[in-house]
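Visitor: model this:
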Amino acid sequence: MLACVALGQTPTTADTIRFLEQSTFGPNQTFINHVQSIGFAAFLQEQFAATASTYPTLPLQPTTVPASCTGTCVRDNYTMYPLQVAFFENALTGSDQLRQRVAFALQQIMVTSALTINQPSWMSPYLQIFAQDAFSNFRTLLGDITLNPAMGSYLNMAGNLKSAPNENYGRESLQLFTVGLNLLNADGSPMLDQNGNPIPTYTQPTVDAFSRVFTGWNLAAAPVSGTPNYLVPMVLNPANHDGGAKTLLNGVTLPAVTTVTAASANKDLSDALDNMFDHPNVGPFISVNLIEHLVTSNPSPAYISRVTAAFNNNGSGVRGDLKAVVSAILLDPEARNPTPAANFGHLTEPVLFITKLLRLFNTTSATTDFVLSDSYLPSELVMSQNLFTSPSVFNYYPPTYTVPNTTVNGPEFDLDSTSTAYARVNFVAETVYHTMSTSSPNRPTGTWLDFTSILPSANSPFQLTGALNTLMLHGTMSPNLQAAVNNALSSMAGATPLTRAQRAVYLIGSSPEYFVQR
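Guide: Numbers count the residues shown, from 1 in each chain. The predicted structure is shown next:
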């Protein structure tokens, strides 16, 4: 298929929709038409150059909520509400879909959480980094996130002293952000020792050494007492930095210095981050994580190897080029195969389930409040993914979670339960039938779907089912689901086109086939 596109042939509508499910927050007719007109590779280049959507820089607030903060003041200054609004507005209507989608994936690798970083003004600069660096170099992203105040507070690098080094950032930046626990081959498989056991990537002394590297930085001076400064990168106090020798990954040793200066401490930090970045594990470790978030939870070793090769060398001798990595992930034959293997794909995580459905039916400012996180949805729609409020540094769900009663990797299934499955169905029902509660000031108009685009097909049950099969399931609807939808529509004698469209979209959107993206 890639060869056909390269030769100028137009990708099919079904293949285009599937590609957009992986590269955006969901297809809509405008994007479908545009991608078919220019092809997949050209669309990626266009998205790399698109103006970035971002998050607002919000005024810093006192740590203690002042008595004068009443009404919506707490919501707007002490919860993630304004950032959640910005996220969904960007996701649903932004033109830089790929940047925002990749940024969202990277945020789930280098995690902070509103459970600790509980003011939106503190969280926003962290989110801005991912919007800024999503298409930069991974080493740039690693450096920027290391000195971000939200990350510094969340993993205790802020205020880390040479007299008592805290190992949190040293450990998690190794385990979760760069190299992982065990040595990997280029295809993501574990290297094994002579007894067949995985080989650890690092030891506790390695963690201790990195923890000493990450001493000496803290939040910049507060603008006023009681209002910490999260708006600018952390600043260094050389007197608090450990200047001793440190042995890092692969036996690399940072030399001791007699007198710690700003230059020597910053060189320590830069050299340590280079040591992480240069480790052979980073390519397969980050590649697997990004493939899981964008395309499939079970990539083949060959797929991982090809993406790892792009991470290691973008074709011009550059390591860590995220544009090359994203292109390799999305244009890989395994990603583009219209008849994928049995275990290919993943359960659509709740946030993407929401955006995919709404974008498909042209949600606009007239049809949504842009506030669709767990915090502000009605309680019956909660799906266990409260945006920016991960329960731990391990994300909303672990990347190695196995689907119960199987041996199949399925990270998002960790959020799946009877209650969250019902929540998905209820969300589809309330957006299809325009019944979302509007009693809350956080949801003044509710959220619903615009069926204008599908109504011309709604006079014929079979035509409507066929159109929605392409639009919602890129032509993969099972015979059983197709028969169920056709039978339901055939029984609706005298129904209006809108009523038929609503019934069909509800039945398909609430089906397991729609929950799982393949």
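
Visitor: tell me how the protein divides into domains.
Guide: Per automatic domain parsing, the structural domains of the chain span 1-40, 144-280, 282-339, 455-517.

Visitor: can I get those domains in CSV with mean neighbour count?
Guide: (Each C-beta comes from the backbone N, C-alpha and C, glycine too.) Shown next, in CSV, are the domains of the chain (neighbours: other Cβ atoms under 10 Å):
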stretch, mean neighbour count
domain 1-40, 18
domain 144-280, 18
domain 282-339, 20
domain 455-517, 17
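
Visitor: ok, which of those domains comes nearest Leu347?
Guide: Taking Cβ to Cβ as the criterion, Leu347 comes closest to domain 455-517 out of these, the separation being 5.5 Å.

Visitor: ok, Gly494 - contacts?
Guide: Going by Cβ atoms under 8 Å, 6 or more residues apart in numbering, Gly494 touches no other residue.

Visitor: and what of the one 10 residues further on?
Guide: By Cβ under 8 Å, 6+ apart, the residues touching Ala504 are Ala458, Leu464, Thr465, Leu468, Val485, Ala488, Leu489.

Visitor: please, which helix or strand holds the second one?
Guide: The reference is to Leu464. In this assignment (DSSP states H and E), Leu464 forms part of helix 461-473.

Visitor: show the contacting residues for Asn156.
Guide: For Asn156, the contacting residues are Asn166, Asn168, Tyr169, taking Cβ under 8 Å, 6+ apart as the criterion.

Visitor: repeat the analysis, applying 6 Å as the threshold.
Guide: Contact analysis of Asn156 by Cβ atoms under 6 Å, 6 or more residues apart in numbering lists Asn166, Asn168.

Visitor: quick check: it vs Val179, distance?
Guide: Here the distance between Asn156 and Val179 works out to 20 Å (Cβ to Cβ, to the nearest Å).

Visitor: do the same with Phe210
Guide: In this structure, Phe210 and Val179 are separated by 11 Å, where distance is defined by Cβ to Cβ.

Visitor: hmm, who's touching the helix or strand hosting Pro223?
Guide: Take DSSP H and E as the rule and Pro223 turns out to sit in strand 220-224. Strand 220-224 is contacted from outside by Pro228, Asn229, Val232, Val235, using Cβ under 6 Å, 6+ apart.

Visitor: now, these that are in helices?
Guide: Among the contacts of strand 220-224, no residue falls in helices (DSSP state H).

Visitor: any chance of the residues you listed in TSV, with pLDDT and distance to Gly244 too?
Guide: Formatted as TSV, the entries for those read as follows, by pLDDT from 0 to 100; distance: Cβ to Cβ, whole Å:
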residue	pLDDT	distance to Gly244
Pro228	98	30
Asn229	98	29
Val232	98	29
Val235	98	22
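
Visitor: make JSON lines out of those residues and add distance to Thr54.
Guide: Below are the contacts of strand 220-224 laid out as JSON lines (distance: Cβ to Cβ, whole Å):
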{"residue": "Pro228", "distance to Thr54": "22"}
{"residue": "Asn229", "distance to Thr54": "20"}
{"residue": "Val232", "distance to Thr54": "16"}
{"residue": "Val235", "distance to Thr54": "23"}
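
Visitor: between those, which is closest to Asn337?
Guide: Each of the contacts of strand 220-224 was checked against Asn337 using Cβ to Cβ; the closest is Val232, at 46.2 Å.

Visitor: let me see the contact set for the closest one.
Guide: Taking Cβ under 6 Å, 6+ apart as the criterion, Val232 is in contact with Ala220.

Visitor: and if you look at Arg99?
Guide: Ala52, Ala134.

Visitor: could you point out the helix or strand that follows the helix or strand hosting it?
Guide: When elements are assigned from DSSP H and E, Arg99 belongs to helix 97-107. The first helix or strand that comes after helix 97-107 along the chain, using DSSP H and E, is helix 120-133.

Visitor: distance of Asn289 from Val252?
Guide: Taking Cβ to Cβ, one finds Asn289 at 24 Å from Val252.

Visitor: actually Asn442, sorry about that
Guide: 51 Å.

Visitor: dump the contacts of Ala504 to a markdown table, plus pLDDT and distance to Ala310.
Guide: Written out in a markdown table, the entries for the contacts of Ala504 read as follows (pLDDT from 0 to 100; distance: Cβ to Cβ, whole Å):
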| residue | pLDDT | distance to Ala310 |
| --- | --- | --- |
| Ala458 | 94 | 44 |
| Leu464 | 97 | 42 |
| Thr465 | 97 | 40 |
| Leu468 | 98 | 36 |
| Val485 | 97 | 41 |
| Ala488 | 96 | 46 |
| Leu489 | 96 | 46 |
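
Visitor: make JSON lines out of the residues you listed and add distance to Ser417.
Guide: Converted to JSON lines, the contacts of Ala504 look like this (distance: Cβ to Cβ, whole Å):
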{"residue": "Ala458", "distance to Ser417": "34"}
{"residue": "Leu464", "distance to Ser417": "32"}
{"residue": "Thr465", "distance to Ser417": "30"}
{"residue": "Leu468", "distance to Ser417": "27"}
{"residue": "Val485", "distance to Ser417": "26"}
{"residue": "Ala488", "distance to Ser417": "27"}
{"residue": "Leu489", "distance to Ser417": "31"}
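
Visitor: of these, just say which sits nearest to Ala324.
Guide: Nearest to Ala324 out of the contacts of Ala504 is Leu468 (Cβ to Cβ; 36.1 Å).

Visitor: all strands of the stretch 1-150 of the chain, in order?
Guide: Read by DSSP state E, counting those that start in this stretch, the stretch 1-150 of the chain holds no strands at all.

Visitor: right, I mislabeled it, should have said the stretch 301-450 of the chain
Guide: Residue ranges of the strands in the stretch 301-450 of the chain, as given by DSSP E, counting those that start in this stretch, are 346-347.

Visitor: just the element for Phe177, please.
Guide: Secondary structure here is read from DSSP H and E; on that basis Phe177 sits in neither a helix nor a strand.

Visitor: low-confidence regions, the stretch 251-400 of the chain specifically.
Guide: For the stretch 251-400 of the chain, applying pLDDT under 70 flags no range at all.

Visitor: pLDDT on stretch 68-88, on average?
Guide: The average pLDDT within stretch 68-88 is 96.

Visitor: output stretch 11-30 as PDB, nothing but the C-alphas.
Guide: Included here for stretch 11-30 are C-alpha records, laid out as PDB according to Å, rounded to 0.1, in the frame of the first residue of the first chain:
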ATOM      1  CA  PRO A  11      -5.300   5.800  -0.300                       C
ATOM      2  CA  THR A  12      -8.700   4.300   0.300                       C
ATOM      3  CA  THR A  13     -11.200   6.000   2.600                       C
ATOM      4  CA  ALA A  14     -11.000   3.000   5.100                       C
ATOM      5  CA  ASP A  15      -7.200   3.100   5.100                       C
ATOM      6  CA  THR A  16      -7.200   6.800   5.600                       C
ATOM      7  CA  ILE A  17      -9.500   6.600   8.500                       C
ATOM      8  CA  ARG A  18      -7.400   4.000  10.100                       C
ATOM      9  CA  PHE A  19      -4.300   6.100   9.600                       C
ATOM     10  CA  LEU A  20      -6.000   9.100  11.200                       C
ATOM     11  CA  GLU A  21      -7.000   7.100  14.200                       C
ATOM     12  CA  GLN A  22      -3.400   6.400  14.900                       C
ATOM     13  CA  SER A  23      -2.000   9.900  14.100                       C
ATOM     14  CA  THR A  24      -4.700  12.300  15.300                       C
ATOM     15  CA  PHE A  25      -7.300  12.500  18.000                       C
ATOM     16  CA  GLY A  26      -9.800  11.000  15.500                       C
ATOM     17  CA  PRO A  27     -10.700  11.400  11.900                       C
ATOM     18  CA  ASN A  28     -13.100  13.900  10.500                       C
ATOM     19  CA  GLN A  29     -14.300  14.400   7.000                       C
ATOM     20  CA  THR A  30     -12.000  17.400   6.400                       C
END
